[in-house]
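Asker: have a look at this fold, sequence not included:
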Ligand SMILES: CSC[C@H]1O[C@H](OP(=O)(O)O)[C@H](O)[C@@H]1O
């Protein structure tokens, strides 16, 4: 069975509940924005691109079911804006949902100002616009994979085979299919240029051990699971050629917010002279924030550290600090940022994409 984070057809949306993986493969129906919000907040679905798609598709399901004003263009525009605004409150750090919401609001505004459009036509065109995001994600992921494989192979004297290290989950279970950093892994594997990828368990939600190990084994990709604390040693002792990770938000100066633990991977890579790459679609860029210190960092419940599957792992009353993300300064992203538009120096990616109109 193909692992899919989302299953969508007009009027129907199901999500794979990732909290139950790898032990249980259970798809659950999402019939409206409220249910999507809860799935995002509780990390039943996670991963910046998948979150953006889930949010928007849940709105498409509501509209296909007749929700919202029927007769008034302005009222329908306001309904869409309110739904998108509500979705943004689920998790604060990833940029993609906010960027797609901004683009959709602007597109709806233009349609409302188009002479002669009816509420029914507007409703239908919004649904079609949102459905187009699925194919765009898949197309962009393939481009990121190809650009990333070219960049990594181009940086090696013999052009492979390559040993990589990655963090968290950035693949099928974080996107609509191919993945961002794991898209680069897949592209190298498909070219026969991947020796092995080391994936960190990524405490405390264990995206690496529960999700990346699952999807890479499922696809026959040579993968070795390591503890987060073994990452620097693996880089040094197992001939890692490059580190490639995802991103949740890229600030204007190229600082990157990504899963907690990314910053220390970048420090270790810098010390060992290993190129450090970030792979992300252009919708991850947030040129409105000058630097990484301005990116909101989500903090999650301490029970994510003190418990696992209902089993006590720590002193239950201990104080816990559990940020879900950290910020890696652009100067540590030595390989660059891989987007669907190509490889960019981290300090230039937001500006260059904005100049190309990729906002
Ligand atoms: C392509 S997924 C991007 C990003 O999202 C993950 O965070 P979470 O699992 O909390 O949603 C991780 O930071 C990935 O790198």
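Answerer: Looks like it arrived, so ask away. These figures come from a predicted structure and were not determined experimentally.
Asker: for residue 319, what are its contacts?
Answerer: Residues in contact with residue 319, defined by CB atoms under 8 Å, 6 or more residues apart in numbering, are residue 302. For glycine as for every other residue, the C-beta is placed from the backbone atoms N, C-alpha and C.
Asker: list phi and psi for it.
Answerer: Here is the backbone geometry of residue 319 (degrees, to the nearest 10): phi -70, psi 140.
Asker: got it, and the one 5 residues further on?
Answerer: Torsion angles at residue 324 (phi, psi; degrees, to the nearest 10) stand at phi -80, psi -10.
Asker: run a quick neighbour tally on it.
Answerer: Applying other CB atoms under 10 Å, we find 22 other residues in the vicinity of residue 324.
Asker: i'd like the first residue to be 19 from this point on
Answerer: Taking 19 as the first residue, the last one we looked at is residue 342.
Asker: pretty sure it contacts residue 313?
Answerer: No. In this structure, residue 342 sits apart from residue 313 without contact. The criterion is CB atoms under 8 Å, and the distance is 11.8 Å.
Asker: give me the common contacts of the two.
Answerer: Joint contacts of residue 342 and residue 313 (CB under 8 Å, 6+ apart) are residue 111.
Asker: against the centre of this protein, work out the most remote residue.
Answerer: Checked against the mean C-alpha position of the chain, the extreme residue using CA atoms, centre = their mean is residue 134, at a distance of 38.2 Å.
Asker: pLDDT score for the residue nearest to residue 29 when sequence neighbours are not counted?
Answerer: Across the structure, with CB to CB, 6 or more residues apart in numbering as the measure, the residue nearest residue 29 apart from its sequence neighbours is residue 82 (4.2 Å). Among the per-residue scores, residue 82 holds a pLDDT of 98.
Asker: need the phi and psi values for residue 82.
Answerer: Backbone dihedrals for residue 82, given as degrees, to the nearest 10, come out at phi -70, psi -30.
Asker: ok, back up a step: which SS class is the residue farthest from the centre of the chain?
Answerer: Each residue gets one of three states, and residue 134 gets coil by DSSP: H, G, I helix; E, B strand; the rest coil.
Asker: domains of the protein?
Answerer: When the chain is parsed into structural domains using the TED database, the resulting residue ranges are 24-155, 167-374.
Asker: run through the protein and note the low-pLDDT ranges.
Answerer: Across the chain, the stretches falling below the confidence threshold (pLDDT under 70) are 19-20, 376-377.
Asker: residues contacting the residue nearest to residue 29?
Answerer: 28, 29, 145.
Asker: would a markdown table of the residues you listed with distance to residue 222 be doable?
Answerer: Below are the contacts of residue 82 laid out as a markdown table (distance: CB to CB, whole Å):
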| residue | distance to residue 222 |
| --- | --- |
| 28 | 38 |
| 29 | 37 |
| 145 | 37 |
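Asker: most neighbours among the residues you listed, which one is it?
Answerer: For these, the largest neighbour count, defined by other CB under 10 Å, is 19 neighbours, found at residue 145.
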